[in-house]
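[1] need coordinates for the following:
(chains A and B)
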Amino acid sequence: MTPNLNLWLIPVLPLIGAALNGLFGKRLTRQAVATVALAFSGAAFGVALFVATRFSTLQLPHIETVAQWIRAGNFRADFAFYLDQLSLVMLLVVTGVGFLIHIYSVGYMWEEGGFYRFFSYLNLFMFFMLTLVLANNYLVMFIGWEGVGLASYLLIGFFFLRDSAASAGKKAFIVNRVGDFGFLIALFLLIKHFGSLDFMQVFQQVSSLSPETAGAGLLTAIGLLLMVGAAGKSAQLPLYVWLPDAMEGPTPVSALIHAATMVTAGVYMVARSHVIFERAPIALTVVAIIGTLTALFAATIGIAQTDIKKVLAYSTISQLGYMFMACGVAAFSAAIFHLMTHAFFKGLLFLAAGSVIHAIGGEQDMRKMGGLKEKIPWTFWTMTAGTVAIAGIPPLAGFFSKDEILWRAYQASWAYWLIGLFTAFQTSFYMFRLWFMTFTGSYRGTTEEQPHAEHAGHGTHLGREQIVSRAGAYAPHGHGGIHESPRVMLVPLVILAVMSIVGGWIGIPGSMGGGNHFDKFLAPVFHTSTPSLNTQHATPGEVAPPEKQTEGPEPQTSRATELLFTGISVFAALLGFVLAAILYYLRPELPDEIAQALGGFYQAVLNKYYVDELYSILFVKPLVDGSRRILWHGVDQSVIDATLDDSADGARHISDTLRHMQSGNIRSYAGWVAAGAAAVIAYMVWMGAR
Amino acid sequence: MVPLSYYLVLSGILFACGVLGFLIKRNIITIFMSIELMLNGVNLSFVAFAAQWHALSGQVFVFFVMVVAAAEAAVGLAIIIAVYRTRETLNVDQVNLLKL
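    Modelled structure (predicted):
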């Protein structure tokens, strides 16, 4: 009997916070709202840390059943929590980064209307996200899955008076429905064929199946459908379109939901289902291809964006692509490693970008920034740490995780590696482009000149006063000119910056003299690896013992190769830096010339390859037109409404005629009675006569 | 012996006359008399059947009908007098206060 850790506390604590703020927040002061939100998300983090300290004493996987839920015949789904190395990593990332972003949000959102609403949603998101990562079966996971979608929708549309925010929220929700549809069907298939959604039971049964190397079968179908779900949630091709629009939400939301945690749920889900994917090579290949293409595709779009948050959004999509690429080559621990480091540095980058936006009064266009290095030094240095980390320059976090992925990708196919490398170069380029455009050169904006334009500041947040009348409980700090963010925002930045720098050190690969502890830590989860990838290590269907896992030390010969590849990827990152430095620091007039020279291609990239327009023509317009012409005008108006209207009209016409019977004249009644009686008699006589 | 059908035809004619009078006439006294005519038409068929089948129940029914008709005549005429006193008319078409 393993100790009861009360895992249910971890998700429920933020739920209590959400309920308190949601129900009573309107009457509380901002201080009280912030205290409640921070206390409960912090408490969740505390419990997670406590669980982590007790982790080594547990018998894994550690399962705690809270309550019965569905019992139907042999099918059972309980409210139960599942703790193993994988969910512990996710748990710490979600609660840790989530808590930091909560702190940051207090500073960032202080002057916005709907303060309590924001924190209520944010805590609600934490609840669902923690439910998702702690779920013991796919159904509980699905609750979290849908719940984070809801929280995401609410937070994207937080400034709901702005049309663009409201429609961005809708877009995110609808695009996610497409993915969830696939996920649901995968669940149905699991129930039908394995009679359970419980992770343990499903994986046990799947383990006994042999890999579907010959062709596509049940596991391939399930894997592909799961991938559809993951592509929706994690913004992969072709369902990525919602994420850039999701930047309409407040910046901390982008950091928490659309960079660090929720969008990685798809990666987590695929990694969690690794037993299925490993036995479905086709599905795995599809995952790898989608990931690789997404990484490349989004990175190229990111290069031409001018909105600081859009750059980061496409960067997020691209990095998620890396994670799926890693999943696709069965390097699940590398994917989770990158997920973790990405949560640090991308959370940091978004928060720092938020700090920049805050500093110059709501401007998001990088063309109107520049020269901010001295004015906001803390933001500058933390953002630098994040930029270097994502660019993949050692020894920062992004380097180790990305390098691990590229190396594992190379082992699967050089094509993945090449595209991944090119993407790494682009990543480095667009991140340093952002960095140079924001911090170096001379300031190109206007905030300085109009110190009294009280909010130009957050000018994007039009109409927040209408949303909730301001309580006036806060000390107004005038947005005169460029200013560094308050300490409450800087502390999370610094912590995340430190994590971005050192976070990768737990996964230093063996070739560089590290222990790759992260990989070893996760190894028990993925130890059933991998009949499909390294067939020389394990025969199909056989469960490889933990010592023989593929993540074991590489042979000596490949060590030199691995180091060479590391060198190449570092070179690519540095090349990106140099190119960005040339184009946006030394010769800032060059980019325009290049854009001119590229012509149509540049326009295509600038307009995100017209994907939104394409989807609009392919899906949205037919749907809207079909709904309007066929369903509304056709079916609804001319069939359903017409039936109702005509029968009502008919009834009225008949009644118009018949009401003359009801004259109130007793003799006419008597006449009708007599006529009726005569008719009856006539009938009877006629019948009798026959 | 007169055949049954003769009585029944006469009864029908009487009844039809009563119905017609009831429907057509405006004078409330005439209408009242038409009702009596209908009752008598029915009475005739009752006694005719009683004679035909040698059953006394038909005769008994007729007595009941006559009693009820007498009571009705008393009440009805009282109402007519009351109406005439207030409305000074016997035309039923003008006695329409309760009509919409």
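[2] for chain B, what is the nearest residue in the stretch 251-400 of chain A?
    Chain B sits closest to A:Val253 of the stretch 251-400 of chain A, with a gap of 67.3 Å, by Cβ to the nearest Cβ. Just so you know, the C-beta spots here come from the backbone N, C-alpha and C atoms, and that holds for glycine as well.
[3] what count of nearby residues applies to the residue nearest to that residue when sequence neighbours are not counted?
    Spatial nearest neighbour of A:Val253, excluding adjacent residues (Cβ to Cβ, 6 or more residues apart in numbering or on different chains): A:Leu155 at 4.3 Å. Each residue near A:Leu155 was counted by other Cβ atoms under 10 Å in any protein chain shown, and the total is 28.
[4] ditto for A:Ser638
    Using other Cβ under 10 Å, A:Ser638 has 11 neighbouring residues.
[5] distance check, B:Arg26 against B:Gln94.
    Distance, B:Arg26 to B:Gln94, using Cβ to Cβ, to the nearest Å: 9 Å.
[6] re earlier: wait, isn't the residue of the stretch 251-400 of chain A closest to chain B in contact with A:Ile156?
    Yes: counting by Cβ atoms under 8 Å, A:Val253 does reach A:Ile156; the two are 7.1 Å apart.
[7] where does the stretch 451-600 of chain A have low pLDDT?
    Counting by pLDDT under 70, the stretch 451-600 of chain A has low-confidence residues at A:451-480, A:513-515, A:527-557.
[8] over to chain B?
    Scanning chain B with the threshold set as pLDDT under 70 gives B:99-100.
[9] helices or strands next to the helix ranked longest in it in the packing?
    The helix that spans the most residues within chain B, counting by DSSP state H, is helix B:57-87. Secondary-structure packing of helix B:57-87 (3 or more Cβ pairs under 8 Å, 6 or more residues apart in numbering or on different chains; DSSP states H and E): helix B:28-53.
[10] check which helices and strands the helix it packs on sits against.
    The contact analysis (3+ Cβ pairs under 8 Å, 6+ apart) places helix B:28-53 against helix B:4-24, helix B:57-87.
[11] which of those is buried the deepest?
    With neighbours defined as mean count of other Cβ atoms under 10 Å in any protein chain shown, these peak in mean count at helix B:4-24, which reaches a mean of 16.
[12] distance from it to the middle of the chain?
    Counting by Cα atoms, centre = their mean, to the nearest Å, helix B:4-24 is centred 11 Å from the centre of its parent chain.
[13] so which of the helices and strands packed on helix B:28-53 gets nearest A:Ser120?
    With Cβ to Cβ, the closest approach to A:Ser120 among the helices and strands packed on helix B:28-53 belongs to helix B:57-87: 76.8 Å.
[14] quick one, the closest one and helix B:28-53 angle?
    180 degrees (axes from the mean of the first three to the mean of the last three Cα atoms, to 10 degrees).
[15] for A:Gly370, give its distance to A:Ser401.
    Distance from A:Gly370 to A:Ser401, counting by Cβ to Cβ: 31 Å.
[16] so between these two, which is more surrounded?
    Taking neighbours as other Cβ under 10 Å, A:Gly370 and A:Ser401 compare with A:Ser401 leading, 30 against 20.
[17] three-state assignment of the residue nearest to A:Val253?
    Reduced to three states with DSSP: H, G, I helix; E, B strand; the rest coil, the structure at A:Leu155 is helix.
[18] repeat that for the one 4 residues further on.
    Reducing the assignment to helix, strand or coil with three-state DSSP, the entry for A:Phe159 is coil.
[19] count the residues that sit near it.
    A:Phe159 is flanked by 24 other residues according to other Cβ under 10 Å.
[20] over to the closest residue to it other than its chain neighbours: give its phi and psi.
    Spatial nearest neighbour of A:Phe159, excluding adjacent residues (Cβ to Cβ, 6+ apart): A:Ala165 at 4.6 Å. Main-chain torsions, A:Ala165, degrees, to the nearest 10: phi -70, psi -40.
[21] isn't A:Ala165 up against A:Phe158?
    Yes: look at A:Ala165 against A:Phe158 with Cβ under 8 Å: they come within range, at 6.8 Å.
[22] up against chain B, what does chain A have?
    Within chain A, the positions lying close to chain B (Cβ under 8 Å from any Cβ of the partner chain) are A:Gly664, A:Asn665, A:Ile666, A:Arg667, A:Ala670, A:Gly671, A:Ala674.
[23] please redo it, this time with the cut-off set to 7 Å
    Taking Cβ under 7 Å from any Cβ of the partner chain as the test, the list of chain A residues beside chain B reads A:Gly664, A:Arg667, A:Ala670, A:Gly671, A:Ala674.
[24] tell me the one of the residues you listed nearest A:Gly634?
    The closest of the residues of chain A next to chain B, once distances to A:Gly634 are taken by Cβ to Cβ, is A:Gly664, at 46.4 Å.
[25] report pLDDT for that closest one.
    A:Gly664 is assigned 72 on the pLDDT scale.
[26] that's a helix at it, yeah?
    No: per three-state DSSP, A:Gly664 lies outside any helix segment and is coil.
[27] that one - how many residues pack around it?
    Neighbour number of A:Gly664 under other Cβ under 10 Å is 10.
[28] for B:Gly76, what are its contacts?
    B:Phe32 (Cβ atoms under 7 Å, 6 or more residues apart in numbering or on different chains).
[29] if I look at it, how far off is B:Val68?
    Separation of B:Gly76 from B:Val68 (Cβ to Cβ): 12 Å.
[30] secondary structure class for A:Ile70?
    Here A:Ile70 is strand, with the state taken from three-state DSSP.
[31] with adjacent residues omitted, what lies nearest to it?
    Spatial nearest neighbour of A:Ile70, chain neighbours left out: A:Ala77 (4.3 Å); criterion: Cβ to Cβ, 6+ apart.
[32] wouldn't the one you found be in contact with A:Trp69 here?
    Yes: contact criterion Cβ atoms under 7 Å: A:Ala77 and A:Trp69 qualify, at 5.3 Å.
[33] these two: which is more packed in?
    Comparing A:Ala77 with A:Trp69 by other Cβ under 10 Å, the one with more neighbours is A:Ala77, at 20 against 15.
[34] quick check, that one in a helix?
    No: with three-state DSSP as the criterion, A:Ala77 is located in strand rather than a helix.
[35] OK, contacts around it?
    With contacts defined as Cβ under 7 Å, 6+ apart, the neighbours of A:Ala77 are A:Trp69, A:Ile70, A:Asn137, A:Leu139, A:Leu197.
[36] filter the residues you listed to the buried ones?
    Buried by 16 or more other Cβ atoms under 10 Å in any protein chain shown: A:Asn137, A:Leu139, A:Leu197, out of these.
[37] among those residues, find me the one that's closest to chain B.
    With Cβ to the nearest Cβ as the yardstick, the closest approach to chain B among those comes from A:Leu139, at 65.1 Å.
[38] give me the distance from the helix or strand hosting that closest one to the chain's centre.
    Applying DSSP states H and E as the criterion places A:Leu139 in helix A:138-156. Distance of helix A:138-156 from its chain centroid, counting by Cα atoms, centre = their mean, is 10 Å.
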